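Q: Sharing a model that was predicted from the sequence below.
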Amino acid sequence: MTGRRLPPEPVHLVKGRRDAALRALVEGVPYIRFLGIGFDRRGDELTAVLPYRDSHIGNPLLPALHGGVTAAFLEVTALIELGWAMIWEEMEGGRATGLDAVPDAGPEAPLPVPRLPKTIDFTVDYLRSGLPRDAYARARVNRSGRRYASVHVEAWQDNRARLFAQATGHFLRPEPPEGIGR
């Protein structure tokens with residue numbers, strides 16, 4: 001029966017696979033849990049969410065988010081976006097389901113969730129004080145080659161047009177798993 005197409009996968013299976021892949025990627029970094037960072041996924045777009053905590057305040061007199069928390073939030077957002085882009089390419093190319101790091105994923109998950117890239121350098125621009133409230137960030141991969149990637153991140157709180165910090169990072173991409181080309 002040549003030329004016959006398989007029916008498309010049910011949407012709930014595709015969404016479940018994508019959510020499980022993102023969850024596996026995020027759960028691989030304990031510091032993300034420590035800071036309480038979450039990720040909202042809409043298709044291939046990720047928005048990082050840093051919920052307000054008193055422990056995130058650096059200067060209680062202002063009060064303002066600690067600069068280290070802000071920098072960590074931006075770097076984590078960049079790393080997860082880059083890792084997600086690597087997983088997305090494999091999943092959408094039909095080469096992986098992204099579930100292999102999830103217990104009991106089954107044999108339909110042939111590839112491991114990729115190791116996260118290593119930071120070469122990361123420059124943060126603090127544009128204004130982060131207020132004592134939730135913060136959001138989105139990263140954009142500007143360039144991604146076989147071994148190197150450049151990522152830009154923007155963070156805001158109440159108004160996306162009013163950034164409180166932004167950053168640019170350069171990352172060394174990990175070697176792909178055996179048998180996988182880019």
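A: Cool, got the structure. Note that the coordinates shown come from a computational prediction; the quantities given were computed from them, not determined experimentally. Numbering: from 1, shown residues only.
Q: Let me know the secondary structure of the residue most central in space within the chain.
A: Note on the chain: the residue nearest the mean C-alpha position is Ile80, at 2.3 Å, using C-alpha atoms, centre = their mean. When classified by DSSP: H, G, I helix; E, B strand; the rest coil, Ile80 comes out as helix.
Q: and it, what is it in contact with?
A: Leu25, Val26, Val29, Ile32, Phe39, Leu46, Ala48, Leu116, Ala139 (C-beta atoms under 8 Å, 6 or more residues apart in numbering). C-beta here means a position set from N, CA and C on the backbone, and glycine is covered the same way.
Q: Just the local confidence number for it, please.
A: On pLDDT, Ile80 comes in at 94.
Q: One more: Pro51?
A: For Pro51, pLDDT reads 97.
Q: okay, and for this structure, where does confidence drop off?
A: 1-3, 92-114, 176-182 (pLDDT under 70).
Q: Determine how far the last residue of stretch 51-70 lies from the first.
A: Stretch 51-70 has an end-to-end distance of 12 Å (criterion: C-alpha to C-alpha, to the nearest Å).
Q: List the buried residues of it.
A: Buried positions in stretch 51-70, judged by neighbour count with 16 or more other C-beta atoms under 10 Å: Tyr52, His56, Ile57, Ala64, Leu65, Val69, Thr70.
Q: circling back: with secondary structure and distance to Gln166 added, can I get the contacts of Ile80 in CSV?
A: CSV is the format used below for the contacts of Ile80 (DSSP: H, G, I helix; E, B strand; the rest coil; distance: C-beta to C-beta, whole Å):
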residue, secondary structure, distance to Gln166
Leu25, helix, 23
Val26, helix, 22
Val29, coil, 21
Ile32, helix, 20
Phe39, strand, 19
Leu46, strand, 16
Ala48, strand, 13
Leu116, coil, 21
Ala139, strand, 10
